[in-house]
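Novice: Sharing a model prediction with you, sequence too.
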Amino acid sequence: MKINEVKELDAKALAEKLEAAKAQLQQMKLNHTIAPLENPSQIKAVRRDIARMETELRQRELNK
């Protein structure tokens with residue numbers, strides 16, 4: 001998810017996407033411990049998406 005896509009979302013949708021991404025990350029980590037993922041760099045990409053979303057939410061919170 002690009003930063004422009006994150007900025008276009010409203011706060012409620014962004015929070016929902018953030019929760020979904022966190023759940024996806026947990027599931028990917030669990031699957032990776034059981035059997036290696038085909039592309040383990042997906043974990044890194046999801047972590048970065050989560051960081052982008054959290055950063056945008058925090059900036060919105062500070063700009064109120």
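Specialist: Okay, I see it. Quick caveat, the model's predicted, so the values are computed rather than measured.
Novice: how far away is residue 14 from residue 27?
Specialist: Separation of residue 14 from residue 27 (C-beta to C-beta, to the nearest Å) stands at 20 Å. In this view, the C-beta of every residue, glycine as well, is placed from N, C-alpha and C.
Novice: for residue 63, that is, sorry about that
Specialist: In terms of C-beta to C-beta, residue 63 sits 33 Å off from residue 27.
Novice: swap in residue 49?
Specialist: For residue 49, the distance to residue 27 equals 14 Å [C-beta to C-beta].
Novice: Neighbour count: these two, which is higher?
Specialist: The residue with more neighbours, out of residue 49 and residue 27, is residue 49; 19 against 11, by other C-beta atoms under 10 Å.
Novice: any idea how far residue 25 is from that one?
Specialist: From residue 49 over to residue 25 (counting by C-beta to C-beta), the distance is 9 Å.
Novice: could you dump stretch 47-64 to PDB, C-alpha only?
Specialist: Extracted in PDB, the C-alpha atoms of stretch 47-64 (Å, rounded to 0.1, in the frame of the first residue of the first chain):
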ATOM      1  CA  ARG A  47       5.200  -4.600   8.500                       C
ATOM      2  CA  ARG A  48       6.100  -1.500   6.500                       C
ATOM      3  CA  ASP A  49       2.400  -1.100   5.500                       C
ATOM      4  CA  ILE A  50       1.400  -1.200   9.100                       C
ATOM      5  CA  ALA A  51       4.000   1.400  10.000                       C
ATOM      6  CA  ARG A  52       2.700   3.700   7.200                       C
ATOM      7  CA  MET A  53      -0.800   3.400   8.500                       C
ATOM      8  CA  GLU A  54       0.200   4.000  12.100                       C
ATOM      9  CA  THR A  55       2.200   7.000  11.100                       C
ATOM     10  CA  GLU A  56      -0.600   8.500   9.200                       C
ATOM     11  CA  LEU A  57      -3.100   7.900  12.100                       C
ATOM     12  CA  ARG A  58      -0.600   9.500  14.500                       C
ATOM     13  CA  GLN A  59      -0.100  12.600  12.200                       C
ATOM     14  CA  ARG A  60      -3.900  13.000  11.900                       C
ATOM     15  CA  GLU A  61      -4.200  12.800  15.700                       C
ATOM     16  CA  LEU A  62      -1.500  15.500  16.200                       C
ATOM     17  CA  ASN A  63      -3.000  17.800  13.600                       C
ATOM     18  CA  LYS A  64      -6.400  18.000  15.200                       C
END
